[in-house]
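J.: quick one, what's the 3D model for this:
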Amino acid sequence: MQPEDLELLVTREMPFGKHKGKIIADLPGNYLNWFAREGFPPGEIGRLLALMQEIDHNGLKEILDPLRQRSGH
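T.: The predicted structure is shown next:
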């Protein structure tokens, strides 16, 4: 994980799929878990989805709250 990845979670939009356009930090847990089971896509988006799935799975979404306030999301 890169330090800037946390900021990207609250600013980067999902580029495809049924949740296209939704901020990655706002994706539902069951969708993130589906990727964990089926495989994350390659590249940055896959890295961010894997990170968000770990955060969500461990009940740590509140660590993103200060970043959300800074980014306006």
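
J.: in this protein, where is pLDDT below threshold?
T.: 71-73 (pLDDT under 70).

J.: show me where it has its helices.
T.: In the chain, helices defined by DSSP state H lie at 3-9, 29-38, 43-57, 65-71, listed in chain order.

J.: and the longest one, how far out from the chain's middle?
T.: Just to be clear, that refers to helix 43-57. Centroid displacement of helix 43-57 relative to its chain, using Cα atoms, centre = their mean, to the nearest Å, is 5 Å.

J.: do the same with the last one
T.: Chain-centre distance of helix 65-71: 14 Å, with Cα atoms, centre = their mean.

J.: check which helices and strands it sits against.
T.: helix 3-9 (3 or more Cβ pairs under 8 Å, 6 or more residues apart in numbering; DSSP states H and E). C-betas here are computed from N, CA, C, even on glycine.

J.: now do the contacts for the residue lying closest to Ala50 once chain neighbours are set aside.
T.: Closest residue to Ala50 apart from its sequence neighbours, by Cβ to Cβ, 6 or more residues apart in numbering: Phe40 at 4.9 Å. Each residue near Phe40 by Cβ atoms under 8 Å, 6 or more residues apart in numbering is listed here: Gly46, Arg47, Leu49, Ala50.
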